[in-house]
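> Output the structure for:
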Amino acid sequence: MNTQRLAFGPFEFITENGCLLRDNRPVAIGARGASLLAVLLAADGRVVAKSALMDAAWPGLAVEESNLSVQIAALRKLLGPASDGGDWIVTVSRVGYRFGVSTERRSDGPDGGGHAEARSSPAIAVLPFENLGGDAEKQYLADGIADDLIMALARFRWFRVAARGASFALRNGPRDPKSIAQQLGVDFVADGTIRRTGDRMRISVHLADAIKEATVWSEHYDLQVAEVFAVQDAIAERIAAAIEPELLLRHGLQVAPHTGNVTAWDLVRQGTFNFHKVTQPTHLLARRFFREAAELDPLLPEAQIWRARVNAGLIAYGWSENPDADEREGLDAALRAIYLDARNPYAHYALAIVSNYTGRVDQAMLAAERSIELGPSFALGYLVLGMARLFAGDAVGACKPLARGLELNPHDPQNAVWFSLLMLALFFSGDVEGALDTGRVALKARPDWPALLRIQACCQMALGHTQDARRLAAAASDPLETAGDALGPFRARNKDWATCLDRLLREAEHQSTGSEHNVIFPESEAKDRSPPFHG
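Residues are numbered from 1 along each chain as shown. This next block holds a predicted model:
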């Protein structure tokens with residue numbers, strides 16, 4: 001796909017990712033500024049109505065016209081004076097704005113003379129920051145800083161970032177960069193510390209080249225909490241620049257827009273801290289934080305992203321007391337997140353995961369594909385795409401994205417669900433041995449996850465390995481389940497598959513105890529005794 005570049009004066013604007021360059025160096029323009037500039041440049045000198053500009057910057061939202069004036073003023077300040085001393089953006093009284101200088105159009109493609117894509121991309125892991133204050137209640141803040149860096153770096157298209165779960169799984173292990181790099185398959189490791197006293201904070205960041213066992217860059221920042229937004233963006237840009245300047249030169253680094261509301265930002269950090277504990281009480285508490293943040297600051301994309309994700313989780317794990325209401329809230333939050341920050345892969349992931357659990361698999365696939373377009377190394381995008389395909393009955397099509405997502409995100413302690421999906425996709429693609437191999441890897445990480453054990457038992461039973469099937473079925477009945485298996489849509493939409501698995505599991509359990517047990521695959525009306533896959 002060709003990428004169009006619009007050149008004016010010392011600037012170039014890359015239409016694909018909204019990156020603005022000045023003298024071949026990226027300029028931190030922000031999502032709304034990029035949206036406004038894109039519309040003005042596309043008009044090629046014609047006047048753009050205020051309403052059209054507001055629709056571009058705040059799609060689907062009702063905002064005051066004064067917000068547009070503020071954004072235009074900020075964009076003029078960012079661009080500085082034109083070569084004739086005037087403004088790049090001209091006000092047309094009572095109508096709108098126009099771009100006052102013609103642009104030169106360039107294209108990056110096979111014959112466009114632009115930079116070629118890198119054959120390979122560097123990879124980085126951002127470890128959870130260490131909280132030096134000694135106050136356990138402030139740990140969420142340290143985690144939040146690392147979360148923000150991961151999200152910012154994930155927006156850098158040709159830059160692979162280890163998923164949050166993979167990095168945070170190493171929280172209590174040794175901090176040796178070489179060992180971490182080997183475990184996560186990365187080249188660089190970033191970590192740091194924070195110390196908060198009142199409204200003051202010190203953030204220290206360290207970036208290591210794990211292959212060379214050398215420090216690439218380190219810095220510390222003394223600031224007020226309110227200044228953390230600008231600092232985290234600067235840290236992300238410095239990391240990217242230090243690792244691969246040419247990548248930064250080509251594509252720039254898009255960072256999440258922040259509204260400057262410190263209280264809302266802090267509420268989101270507290271919510272994510274509880275969300276990742278994955279229990280019903282902490283999910284409900286996290287949702288309360290996300291709701292408060294969204295109410296306090298309706299223009300904060302992160303609050304909407306996490307509000308969507310937590311509602312999807314409550315439905316998936318069977319913790320929802322009102323699924324219909326939670327479905328509506330999750331979908332509304334995901335769509336608002338996309339309106340607020342359409343270039344954020346996490347926003348499209350949020351829509352995909354909610355759609356999967358509200359019976360909208362076609363929408364889920366489109367949203368997942370968009371998240372991957374925005375972040376080619378975005379593990380969650382691949383995983384949720386595979387989930388949607390499997391829920392839709394396409395086992396073969398689900399295998400590749402699920403395997404790719406787990407390759408990018410191999411150590412996430414929450415991977416039991418994704419491993420379960422990959423096992424089922426392989427099983428119903430005819431690769432029962434592959435499903436067993438995947439299960440063995442999964443059980444190394446989560447030996448107590450009943451769904452994994454039960455799917456393994458089905459695989460063994462399908463191959464006629466009754467003793468192994470009996471052992472796994474018995475083991476699956478021992479652990480205390482605190483959450484559902486998140487496979488409800490799979491069973492509901494693929495009743496023949498669910499019936500087949502239910503039959504195999506009951507046979508394995510009968511081998512084990514001679515009696516029936518409650519299973520994760522409820523018995524269907526159908527009595528299909530056909531083979532468990534189509535080869």
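> Just checking, which helix or strand of this structure averages the lowest pLDDT?
When each helix and strand of the chain is scored by mean pLDDT, DSSP states H and E, helix 245-251 comes last, with a mean of 35.
> Name the next helix or strand downstream of that one, please.
helix 262-275 (DSSP states H and E).
> looking just at contacts, which helices and strands does that next one meet?
Using 3 or more C-beta pairs under 8 Å, 6 or more residues apart in numbering; DSSP states H and E, the elements in contact with helix 262-275 are helix 139-154, helix 228-243, helix 280-296, helix 301-316. (Glycine included, C-beta is placed from N, CA and C.)
> Need the winner for burial among the ones you listed.
helix 301-316 (a mean of 27; mean count of other C-beta atoms under 10 Å).
> circling back: worst average pLDDT in the helices and strands packed on helix 262-275?
Among these, helix 228-243 carries the lowest mean pLDDT, a mean of 56.
> so what's the residue lying closest to Ala451 once chain neighbours are set aside scoring on pLDDT?
What sits nearest to Ala451 in space, not counting adjacent residues and going by C-beta to C-beta, 6 or more residues apart in numbering, is Asp485, at 3.9 Å. Listed pLDDT for Asp485 reads 82.
> who are the neighbours in contact with Asp485?
With contacts defined as C-beta atoms under 8 Å, 6 or more residues apart in numbering, Asp485 is in contact with 417, 420, 450-451, 520.
> now swap in Met461 and tell me
Residues near Met461 by C-beta under 8 Å, 6+ apart: 469, 504-505, 507-508.
> Kindly recompute the last result at 10 Å.
468-470, 472-473, 501, 503-509, 511, 532 (C-beta atoms under 10 Å, 6 or more residues apart in numbering).
> For Ala368, see how far away the most centrally placed residue in the chain is.
For the chain, Tyr346 is the residue whose C-alpha lies nearest the centre (C-alpha atoms, centre = their mean; 3.8 Å). Look at Tyr346 and Ala368: by C-beta to C-beta, to the nearest Å, they are 12 Å apart.
> one step back: what's the lowest-pLDDT member of the contacts of Met461?
Scoring the contacts of Met461 by pLDDT puts Pro532 last, at 37.
> ok so, going back, now render the helices and strands packed on helix 262-275 as CSV, adding distance to Gly439.
Formatted as CSV, the helices and strands packed on helix 262-275 follow (distance: least, C-beta to C-beta, whole Å):
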stretch, distance to Gly439
helix 139-154, 29
helix 228-243, 36
helix 280-296, 26
helix 301-316, 20
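> Among those helices, which comes closest to Gly464?
helix 301-316 (33.2 Å; C-beta to C-beta).
> What helices and strands are in contact with the closest one?
Other elements packing on helix 301-316 under the criterion 3 or more C-beta pairs under 10 Å, 6 or more residues apart in numbering; DSSP states H and E are helix 139-154, helix 262-275, helix 280-296, helix 323-340, helix 345-356, helix 488-493.
> Please produce CSV containing the ones you listed, extended by distance to Val48.
Output for those, formatted as CSV (distance: least, C-beta to C-beta, whole Å):
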stretch, distance to Val48
helix 139-154, 30
helix 262-275, 31
helix 280-296, 30
helix 323-340, 19
helix 345-356, 25
helix 488-493, 43
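> Let me know which of those helices is the nearest to Phe99.
Here helix 323-340 is closest among the helices and strands packed on helix 301-316 (C-beta to C-beta), at 24.3 Å.
> List the buried residues for the closest one?
Using 16 or more other C-beta atoms under 10 Å as the test for burial, helix 323-340 gives 326-327, 329-331, 333-340.
> Can you add distance to Gly85 and pLDDT and give those back as a markdown table?
Listed next are the buried residues of helix 323-340 as a markdown table, based on distance: C-beta to C-beta, whole Å; pLDDT from 0 to 100:
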| residue | distance to Gly85 | pLDDT |
| --- | --- | --- |
| Asp326 | 56 | 96 |
| Glu327 | 56 | 95 |
| Glu329 | 51 | 96 |
| Gly330 | 51 | 96 |
| Leu331 | 50 | 95 |
| Ala333 | 46 | 96 |
| Ala334 | 46 | 95 |
| Leu335 | 43 | 94 |
| Arg336 | 41 | 93 |
| Ala337 | 41 | 92 |
| Ile338 | 39 | 92 |
| Tyr339 | 37 | 88 |
| Leu340 | 36 | 87 |
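> between those, which is nearest Ile72?
Looking across the buried residues of helix 323-340 and measuring by C-beta to C-beta, the closest to Ile72 is Leu340, at 18.7 Å.
> so the closest one touches Ala308, yeah?
No. In this structure Leu340 lies outside contact range of Ala308 using C-beta atoms under 10 Å: 11.8 Å.
> buried stuff in the strand or helix carrying Met54?
Assigning secondary structure by DSSP H and E places Met54 in helix 50-57. Residues of helix 50-57 classed as buried by neighbour count (16+ other C-beta under 10 Å): 50, 53-54, 56-57.
> now, which of those residues sits nearest Ile124?
Of all the buried residues of helix 50-57, Ile124 sits closest to Ala57, with 31.0 Å by C-beta to C-beta.
> contacting residues for that closest one?
For Ala57, the contact set (C-beta under 10 Å, 6+ apart) comprises 31-36, 38-39, 63, 67-68, 71-72, 340.
> The same query, at a cut-off of 8 Å, please.
Ala57 neighbours (C-beta under 8 Å, 6+ apart): 32, 35-36, 68, 71.
> Also Ala457?
Contacts of Ala457 by C-beta under 8 Å, 6+ apart are 468-470, 472-473, 476, 504-505, 508.
> if we go to 6 Å?
469, 472-473, 505, 508 (C-beta atoms under 6 Å, 6 or more residues apart in numbering).
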